[in-house]
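Asker: here are the coordinates; sequence isn't available:
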């Protein structure tokens, strides 16, 4: 806000955007564009609407009135005041298109995802791995001590009813909900769009469209493979993860620890948790995640490749609490093909013992954020 006239914060619903901006800028006027009467006033008389807040303010859910951005551009160009407007939005496509047209070069864009393990720890919340997988990371689940199953059920219904109807005009909401559940069953796996298409009886084009909406609404994150000519044919489809692992756990029908411990997808849920912890750590630094994965046609795989300048940092994620040398095979293989570009590797697991084995660090899942901070 000291550098740009406008700061735009995007992220999923209920991630804490409004709380963050209100607490950071307590003296700024706050306007919620979700309210129909306020939205109508902004659409009908944008100049009068902005004249009512001559010093700028916080405009929540700005994607609801994208036409307002052109008038904001005129205002900030005239006044040239840093931090004049703070905008929030929960849909990337609508917001980014409008910003590209009106606010290019005038706004900093920050992404706020749900809480991190570190943020919860700083708030005095230290839980078991299973509890994190069940509760997820939406602030309200912790602030209001909500039952996570009911909370994510309501979250999903609200999301489908409000956002999907607005964006896609989906006729069969049950089919779309089934699509989301099928996506949850594929977390951590290489995405096969044809399989989704066949299982749902919809076209591949519709699958692509629905995936893009889930991603634009911050429901899912796609991690792309790292392409480089290492002499192997690599898989070129992305891997799919949920922005909040608690939602993925709910979508899989898991309601308690006993079910979670027995579930065959528990390992993928843990991978989802760790991947998003790294994504959030990078985004919270105002940086691109720069996270990829590696897999070739011979089933050689590394869960994550963190690219830092010329260096490639392989990361394996395991659900086990006990270290086994086999866990390092993927990293060791990748080191043989990437050579000197791999100076450090990481094994993130559920065990508490942390040590270094050669150039590979064993890290407990609660300390995964250190990878993005140390490297």
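Answerer: Perfect, I can see it now. Predicted model, so just to flag it, every value in this text is computed and none were measured.

Asker: Could you use CA atoms for every contact and neighbour count after this?
Answerer: Fine.

Asker: Local confidence estimate at residue 103?
Answerer: At residue 103, the model reports a pLDDT of 83.

Asker: okay, now it: neighbour count?
Answerer: The local packing count at residue 103 equals 19, with neighbours defined by other Cα atoms under 10 Å.

Asker: Tell me how far the closest residue to it other than its chain neighbours lies from residue 38.
Answerer: Sequence neighbours aside, residue 73 is the residue nearest to residue 103 in space, at 6.1 Å (criterion: Cα to Cα, 6 or more residues apart in numbering). In this view, residue 73 and residue 38 are 20 Å apart by Cα to Cα, to the nearest Å.

Asker: for the stretch 101-250 of the chain, which spans come out with low pLDDT?
Answerer: With pLDDT under 70 as the threshold, the stretch 101-250 of the chain has low-confidence stretches at 229-234.

Asker: name the helices or strands packed onto the longest helix seen in the chain?
Answerer: For the chain, the helix with the greatest residue count under DSSP state H is helix 266-284. In terms of contact count using 3 or more Cα pairs under 8 Å, 6 or more residues apart in numbering; DSSP states H and E, helix 266-284 is assigned the packing partners strand 107-111, helix 129-135, strand 239-242, helix 245-251, strand 311-317, helix 369-374.

Asker: repeat that for 6 Å
Answerer: With contacts defined as 3 or more Cα pairs under 6 Å, 6 or more residues apart in numbering; DSSP states H and E, helix 266-284 has no packing partner among the helices and strands.

Asker: Just the residues contacting whichever strand or helix holds residue 40, thanks.
Answerer: Element membership of residue 40, judged by DSSP states H and E, is helix 36-44. Among residues not part of helix 36-44, those counted as contacts by Cα atoms under 6 Å, 6 or more residues apart in numbering are 33, 49.

Asker: Which residues belonging to that helix are considered buried?
Answerer: Of the residues in helix 36-44, those buried by neighbour count under the rule 16 or more other Cα atoms under 10 Å are 39, 42, 43.

Asker: what's the distance between the residue nearest to the spatial centre of the chain and residue 202?
Answerer: Taking Cα atoms, centre = their mean, the centroid of the chain lies closest to residue 243, which sits 3.9 Å from it. Applying Cα to Cα, one obtains 25 Å for the distance of residue 243 from residue 202.

Asker: ranges for the strands of this protein?
Answerer: 6-10, 29-32, 57-60, 85-89, 107-111, 220-223, 239-242, 291-295, 301-308, 311-317, 345-349, 356-357, 360-364 (DSSP state E).

Asker: can you list those strands in TSV and add mean neighbour count and distance to residue 256?
Answerer: Conversion of the strands of the chain to TSV gives the following (neighbours: other Cα atoms under 10 Å; distance: least, Cα to Cα, whole Å):
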stretch	mean neighbour count	distance to residue 256
strand 6-10	23	32
strand 29-32	17	36
strand 57-60	23	35
strand 85-89	25	33
strand 107-111	19	31
strand 220-223	22	23
strand 239-242	24	19
strand 291-295	22	31
strand 301-308	21	27
strand 311-317	24	23
strand 345-349	25	22
strand 356-357	12	35
strand 360-364	20	23
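
Asker: just so I know, which of those strands lies nearest residue 149?
Answerer: With Cα to Cα, the closest approach to residue 149 among these belongs to strand 239-242: 16.0 Å.

Asker: Remind me what that closest one packs against, helices and strands.
Answerer: With contacts defined as 3+ Cα pairs under 6 Å, 6+ apart, strand 239-242 has these neighbours: strand 220-223.

Asker: Can you list the strands that the strand it packs on pairs with?
Answerer: strand 239-242 (antiparallel) (DSSP bridges).

Asker: quick one: contacts of the partner strand?
Answerer: The contact list for strand 239-242, computed with Cα under 6 Å, 6+ apart, reads 187, 188, 189, 190, 191, 219, 220, 221, 222, 223, 272.

Asker: Which positions in stretch 153-163 come out as buried?
Answerer: In stretch 153-163, the ones that count as buried by 16+ other Cα under 10 Å are 156, 159, 160, 163.

Asker: quick one: it to chain centroid distance?
Answerer: Here stretch 153-163 shows a centroid-to-chain-centroid distance of 17 Å under the convention Cα atoms, centre = their mean, to the nearest Å.

Asker: before we move on, what about stretch 286-303?
Answerer: Centre to centre, stretch against its chain (Cα atoms, centre = their mean), the figure for stretch 286-303 is 17 Å.
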